[in-house]
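Engineer: sequence and predicted structure, then a few things I'm wondering about:
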Amino acid sequence: MAQPESLEALGAFAEAAQDLVTAGLERSLGRNFACADICNQAAEKALQAVSIVQQGHRAPYNHDLAELGSLVGAPAEILAALRDLTRFHPETFYAHTAPELADDAVSPEEVDACMTEAKQVLRWARAIVMAA
């Protein structure tokens, strides 16, 4: 029988995977910032799933994804993706961009990069979560 921590980690990872599907839908609708923001959320949930596996609990909430990635021992290429995704957290993004301009402020190329980076983070996290 699976341990409660394993089930919690799987649940957190499943939420991350569902967020990635939602991000793809937002991209197809041309909602660029919404897509980037949800990619950020997917990565954060995947990191929390890894934390649950490693520590038995979620890491303290921190929207600096690279810092959270460092806490769970993410490799350099994952940390680079996390640094890029962090800029799309709403608190960070809206500090410099009016909400009504958000979708126009994120280019289609940035959206594609966010999707690629989020997928990269989820692939890395999946290996850890599924091995638990």
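Structural biologist: Yes, it's here.
Engineer: which sections of the chain are below the confidence cut-off?
Structural biologist: Along the chain, segments meeting pLDDT under 70 span 1-2, 4.
Engineer: can you rerun that using 50?
Structural biologist: 1 (pLDDT under 50).
Engineer: residue closest to the middle of it?
Structural biologist: Geometric centre of the chain, nearest residue: residue 43, 1.4 Å, by CA atoms, centre = their mean.
Engineer: if I read this right, that residue contacts residue 115, doesn't it?
Structural biologist: No: judged on CB atoms under 8 Å, residue 43 makes no contact with residue 115 at a distance of 11.1 Å. Placement of C-beta: from N, CA and C, glycine included.
Engineer: picking up where we left off before, secondary structure element for the residue nearest to the centre of the chain?
Structural biologist: Residue 43 is located in helix 32-55, with elements delineated by DSSP states H and E.
Engineer: can you pull the buried residues of the helix or strand that that helix is followed by?
Structural biologist: Next along the chain after helix 32-55, taking DSSP H and E as the criterion, comes helix 65-71. For helix 65-71, a neighbour-count test (16 or more other CB atoms under 10 Å) marks 65-66, 68-69, 71 as buried.
Engineer: could I get those as TSV with distance to residue 82?
Structural biologist: Formatted as TSV, the buried residues of helix 65-71 follow (distance: CB to CB, whole Å):
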residue	distance to residue 82
65	4
66	4
68	7
69	4
71	11
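Engineer: which one of the residues you listed sits closest to residue 90?
Structural biologist: Each of those was scored against residue 90 by CB to CB, and residue 65 proved nearest at 13.4 Å.
Engineer: and the nearest residue to that closest one once chain neighbours are set aside, how close does it get to residue 39?
Structural biologist: Excluding its sequence neighbours, the residue lying closest to residue 65 (CB to CB, 6 or more residues apart in numbering) is residue 82, at 3.8 Å. Applying CB to CB, to the nearest Å, the value for residue 82 to residue 39 is 11 Å.
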